[in-house]
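> Okay, predicted coordinates and the sequence, questions at the end:
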Amino acid sequence: MTLAPVAANLPPIIMDGHCDVLLRLRDNGHTLTDPTEGDHHVDIPRWRAGGVNAVFFVAWINADRYPAEQAVHRTWDLIAAFHEQLALHPDELAHCRTAREVRAACGAGRIASLLAVEGGVALNEDLSLIAKYREAGVRYLTLTWQGNLSWVGSSHLNDGESPMGLTEFGADVVREMNRTGLVVDLSHVSDEAFYDVLRVSERPVLVTHSNSRTLSNHSRNLTDDMLRALADNDGMAGINLYSGFLEPKGRGSSHPEAVPVTIDTVLDHIDHMVQVAGINHVGLGTDWEGMKSPAQGLESADRMPALISGLRGRGYSEGDINKIAAENLLRVLEANEG
Ligand SMILES: [Zn+2]
């Protein structure tokens with residue numbers, strides 16, 4: 001396998017707001033350096049070839065497999081896996097906790113590496129863990145995954161569950177996250193919880209890996225009204241490259257391979273979300289390593305330059321491309337600091 005050389009004329013920072021690579025590293029014993037290892041989407045050579053120089057490593061906690069106290073242990077284990085990778089690749093990866101550190105790492109030619117936790121089950125209903133995770137370097141927490149928690153509803157209900165929003169304890173979680181600078185991520189939450197959080201949060205939020213529901217009718221995506229509410233909050237939604245959340249409206253998510261989903265489909269979602277929410281509220285959250293069947297032409301991190309060229313082809317200015325590539329996400333991080 002040969003990787004394309006790093007394309008010239010890329011934005012100074014290309015930041016992937018949601019990458020699930022930690023699981024493969026921890027559970028399969030894989031590395032970040034062997035491009036032939038398994039069928040995967042990202043590694044250091046691919047990030048380098050694609051100009052992706054800032055990445056959120058996500059510790060995804062599967063609540064079905066790791067309930068309650070086990071979720072807390074699993075979270076610390078994946079946080080340890082992140083720090084092991086930093087120690088293994090000190091010349092390539094730089095642990096970043098702030099937007100300023102991201103800029104410095106990218107300026108120095110390293111891959112800015114940030115940590116996130118996906119699944120509020122990681123809190124095990126203990127507010128004191130928020131400050132502890134933040135101290136360990138976690139920058140955002142996705143409140144749910146599939147299935148409701150006792151304090152927040154999910155967009156993807158397990159059998160027999162009813163839709164729900166945010167409870168009073170859930171509001172306390174959001175307030176404590178605001179206080180400590182742990183950014184709230186609303187991908188995966190129910191529509192009810194989405195609006196409840198926006199009423200409580202005093203800081204901008206992220207929706208790290210969700211697309212437009214108008215173009216692809218899936219509960220994991222955002223309606224136009226949700227996109228406008230997100231803009232009012234000064235937050236940001238990251239484009240997810242999973243075909244099932246990009247395919248045209250009406251197909252449902254059960255046969256993502258039935259409709260070819262290409263870079264153009266991704267660009268259609270970006271165009272629509274920018275039109276509705278504004279250029280300051282859209283970014284990237286690929287979901288690489290967290291799904292199968294990414295959009296054709298964007299199968300791995302070395303293909304990122306094709307998306308940047310596509311944005312140029314759609315008439316975006318270099319300044320606007322920089323916003324989508326990183327600046328909008330960095331702004332939300334900054335607004336949750338200090
Ligand atoms: Zn996810």
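Right, received. Where do you want to start? Predicted, not measured: the structure shown is a model, and the values here were computed from it. Numbering: from 1, shown residues only.
> With adjacent residues omitted, what lies nearest to residue 242?
residue 291 (4.1 Å; C-beta to C-beta, 6 or more residues apart in numbering). Using the backbone N, CA and C atoms, a C-beta is placed for each residue, glycine as well.
> Repeat that for residue 293.
Leaving out its chain neighbours, the residue that sits closest to residue 293 by C-beta to C-beta, 6+ apart is residue 243, at 4.5 Å.
> now swap in residue 66 and tell me
Of all residues not flanking residue 66 in the chain, residue 74 sits nearest, at 4.3 Å (C-beta to C-beta, 6+ apart).
> what's the answer for residue 75, then?
Per C-beta to C-beta, 6+ apart, closest to residue 75 is residue 122, 4.2 Å.
> Would you enumerate the residues in contact with that neighbour?
When contacts are counted by C-beta atoms under 8 Å, 6 or more residues apart in numbering, residue 122 is found next to 59, 61, 71-72, 74-75, 129, 133, 141.
> Mind telling me what element residue 17 is part of?
Element membership for residue 17, per DSSP states H and E: strand 15-19.
> what does that strand rub up against?
The contact list for strand 15-19 (C-beta under 8 Å, 6+ apart) reads 42, 52-58, 102, 112, 116, 118, 187, 206, 208-209, 238, 240, 283-290, 301, 325-326, 329-330.
> If we use 6 Å, what do you get?
Strand 15-19 has contacts (C-beta atoms under 6 Å, 6 or more residues apart in numbering) with 42, 52, 54-56, 58, 208-209, 238, 283-289, 326, 329.
> Cross these against helices and list the overlap.
Among the contacts of strand 15-19, DSSP state H puts residue 329 in helices.
> Return a PyMOL selection command for the buried portion of the contacts of strand 15-19.
This is how PyMOL selects the buried members of the contacts of strand 15-19, with burial counted by 16 or more other C-beta atoms under 10 Å:
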select buried, resi 42+52+54+55+56+58+208+209+238+283+284+285+286+287+288+289+326+329
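> could you pull out the strands for this structure?
15-19, 54-60, 93-95, 111-118, 138-142, 183-185, 206-207, 236-239, 282-284 (DSSP state E).
> relative to strand 54-60, how tilted is the fourth one?
Yep, that's strand 111-118 we're talking about. Here the directions of strand 111-118 and strand 54-60 differ by 30 degrees (axes from the mean of the first three to the mean of the last three C-alpha atoms, to 10 degrees).
> Could you name the helices and strands sitting against strand 111-118?
strand 54-60, strand 93-95, helix 99-107, strand 138-142 (3 or more C-beta pairs under 6 Å, 6 or more residues apart in numbering; DSSP states H and E).
> try 7 Å this time
If contacts are counted by 3 or more C-beta pairs under 7 Å, 6 or more residues apart in numbering; DSSP states H and E, strand 111-118 sits against strand 54-60, helix 68-88, strand 93-95, helix 99-107, strand 138-142.
> now swap in the fifth one and tell me
With contacts taken as 3+ C-beta pairs under 7 Å, 6+ apart, strand 138-142 sits against strand 111-118, strand 183-185.
> any weak-confidence spans in the stretch 151-300 of the chain?
Applying pLDDT under 70 to the stretch 151-300 of the chain picks out residues 249-259.
> just checking, residue 32 touches residue 45?
No. Counting by C-beta atoms under 7 Å, residue 32 sits too far from residue 45 to count as a contact (8.8 Å).
> Give the burial count for residue 199, as a bare number.
12 (other C-beta atoms under 10 Å).
> And it, how close does it get to residue 169?
Residue 199 is 15 Å from residue 169, where distance means C-beta to C-beta, to the nearest Å.
> Which one of residue 32 and residue 45 is surrounded by more residues?
The neighbour count for residue 32 versus residue 45, taken as other C-beta under 10 Å, is higher for residue 32 (23 against 17).
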